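Colleague: Just need the structure, nothing else, for what follows:
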Amino acid sequence: MSTEQVPVRRVTLAIAAAGICSFALLYAPQPLLPQLAEQYALDAGSASLAISVATGALAIAVLPLAVLSEIVGRKPVIVASVLASAALALALPFAPTFEVFLVLRALQGVAIAGFPGVASAYLAERLGTAGVAAAVGAMVAGNTIGGLSGRLSVGWTTDALGWHGALAVIGAFGLVCAVVTATTLPGLPPRATRPRMADVGRGLVAAVRDRTLLAQYAVALLAMGSFVALYNVATFRLTGELGLSPALASLVFLAYAGGAIASTRAGRLVARFGRVRSASAALALTIVGALLTLPDSITLISVGFAVLTVAFFTAHSVAGGWAAAEAPAEGRGQVGGLYNAAYYLGSSIGGSIGAYVYTHAGWGALVATVSGWLALGIAAVLLTRTRARPVAAEPAEPAEPVSGGLGGDRAGEQTAAQRQHGRV
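Modeller: Okay, here's the model as predicted:
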């Protein structure tokens with residue numbers, strides 16, 4: 001089917017709505033962690049499981065769901081993903097205990113995994129190289145808008161509706177987006193052949209044997225762990241130690257918009273300074289941003305979060321593009337899946353450890369901990385120097401990872417490999 005015959009606007013609308021739904025629901029509880037802690041008599045470390053359980057389940061489920069899409073098709077997995085995640089979101093306000101809440105969040109993480117694990121492959125197969133760029137751009141925008149709007153809307157409605165009402169509102173919003181996706185997403189034409197499991201296995205081996213790729217997985221794990229650890233605890237510090245209301249404390253998430261802008265500039269940075277310098281400098285700047293948040297000053301904390309957010313998304317974008325460029329032809333899809341898994345595993349593990357450190361040792365100890373993680377990320381990048389080489393400007397990478405953070409505007413470049421392996 002030619003690109004002209006494909007309803008590109010319809011595809012774009014459906015995928016953007018799916019991105020908004022998925023990432024709004026994934027991180028919606030983050031501004032509510034102090035309220036959840038109060039409701040269920042928890043410390044910050046235990047409350048942070050509301051995020052960590054979901055992102056951990058997503059990390060585990062993303063590769064199996066990508067394989068499932070080979071069997072049942074891309075569209076059924078995406079549609080089931082958004083509808084199930086929205087339905088589970090609507091059940092969250094009625095959780096009688098925190099244990100039930102966590103079970104629902106784990107199931108929601110598994111459900112959400114169907115979108116980032118499959119979306120870029122769907123776009124490449126549906127639209128082809130010529131039509132995919134605009135649709136991927138809409139997907140990136142949807143992911144970013146979803147991540148930001150979920151956090152802000154919940155934070156702003158908590159004062160008036162309580163945390164139950166705030167989650168119900170975002171759940172209803174997610175359901176609307178899910179219905180838009182389910183009713184507008186076109187199916188895919190049937191494929192003549194499907195990849196063999198032996199090919200998938202060989203690609204996976206190739207994806208874990210290259211030290212440059214391993215360094216990018218390390219950056220995804222360590223940087224995302226640091227980022228989520230700081231944001232998970234931010235509302236505890238702002239509403240507790242500094243006495244802000246939940247609505248005012250949630251404004252810290254506006255820094256997230258700066259990250260979306262920064263990710264679009266990463267390609268120019270790489271073209272000028274190279275990948276090693278760009279990634280290591282971005283990680284170092286993330287440490288600087290974290291250090292700026294140490295004083296009990298709302299102004300410095302706000303500036304610090306703005307700096308570390310811009311720097312984090314720059315590092316993530318450079319690492320994602322680097323992994324895509326280094327991925328072997330037989331393992332491009334597997335590289336994307338492993339990067340995605342590392343990214344969300346970092347969110348899960350780092351978020352929980354960071355909250356534990358804050359609970360028992362305070363904000364200063366948390367900053368020291370994440371600074372150590374980021375320093376390890378810098379070391380991993382520097383170990384690749386013997387293979388680094390100058391590169392031309394790369395397209396923008398997504399502010400939220402799609403298909404392992406390797407989707408972005410590189411989806412068209414990956415089309416041939418995606419057709420071969422059926423994976424992203």
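
Colleague: so how far is the host helix or strand of Leu123 off the chain centroid?
Modeller: Using DSSP states H and E, Leu123 sits in helix 119-184. In terms of C-alpha atoms, centre = their mean, to the nearest Å, the centre of helix 119-184 is found 12 Å from the chain centre.

Colleague: same thing with stretch 273-288?
Modeller: Centroid separation between stretch 273-288 and its chain, computed with C-alpha atoms, centre = their mean, is 20 Å.

Colleague: Can you identify the element that follows the helix or strand where Ala207 lies toward the C-terminus?
Modeller: Element membership for Ala207 (DSSP H and E) is helix 197-209. Downstream of helix 197-209, the first helix or strand assigned by DSSP H and E is helix 211-236.

Colleague: Counting by contacts, list what that following helix packs against.
Modeller: Using 3 or more C-beta pairs under 8 Å, 6 or more residues apart in numbering; DSSP states H and E, the elements in contact with helix 211-236 are helix 33-40, helix 44-47, helix 49-72, helix 246-249, helix 275-292, helix 298-326, helix 332-361, helix 363-382. (C-beta placed from N, C-alpha, C; glycine too.)

Colleague: Only the buried residues of that helix, if you could.
Modeller: For helix 211-236, the neighbour count (16 or more other C-beta atoms under 10 Å) marks 212-236 as buried.

Colleague: returning to what we had before: put together a markdown table for the helices and strands packed on helix 211-236, with mean neighbour count on each row.
Modeller: Shown next, in a markdown table, are these (neighbours: other C-beta atoms under 10 Å):
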| stretch | mean neighbour count |
| --- | --- |
| helix 33-40 | 19 |
| helix 44-47 | 22 |
| helix 49-72 | 22 |
| helix 246-249 | 18 |
| helix 275-292 | 23 |
| helix 298-326 | 24 |
| helix 332-361 | 25 |
| helix 363-382 | 20 |
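
Colleague: what's the closest of those helices to Thr12?
Modeller: Using C-beta to C-beta as the measure, helix 49-72 is the one of the helices and strands packed on helix 211-236 that comes nearest Thr12, at 19.8 Å.

Colleague: Give me the mean pLDDT for the closest one.
Modeller: Helix 49-72 shows a mean pLDDT of 86 in the predicted model.

Colleague: separation between Ile301 and Ala121?
Modeller: Distance, Ile301 to Ala121, using C-beta to C-beta, to the nearest Å: 40 Å.

Colleague: let me redo that: Leu285
Modeller: 33 Å.

Colleague: Same question for Arg268.
Modeller: Arg268 sits 28 Å away from Ala121, going by C-beta to C-beta.

Colleague: ok, these two, which is more surrounded?
Modeller: Legend: neighbour count by other C-beta atoms under 10 Å for Arg268 and Ala121, higher for Ala121 (28 against 13).

Colleague: Is that one in contact with Ser69, as I believe?
Modeller: Yes - counting by C-beta atoms under 8 Å, Ala121 does reach Ser69; the two are 7.1 Å apart.

Colleague: Per-residue confidence at Ala160, what does it come out as?
Modeller: 81.

Colleague: Same question for Ser153.
Modeller: 80.

Colleague: Find the residue closest to it in space, skipping its chain neighbours.
Modeller: When the adjacent residues along the chain are set aside, Ser153 lies closest to Ile170, with 5.8 Å between them (C-beta to C-beta, 6 or more residues apart in numbering).

Colleague: Identify the residues contacting that neighbour.
Modeller: Ala24, Leu25, Ala28, Ala89, Gly150, Ser153, Val154 (C-beta atoms under 8 Å, 6 or more residues apart in numbering).
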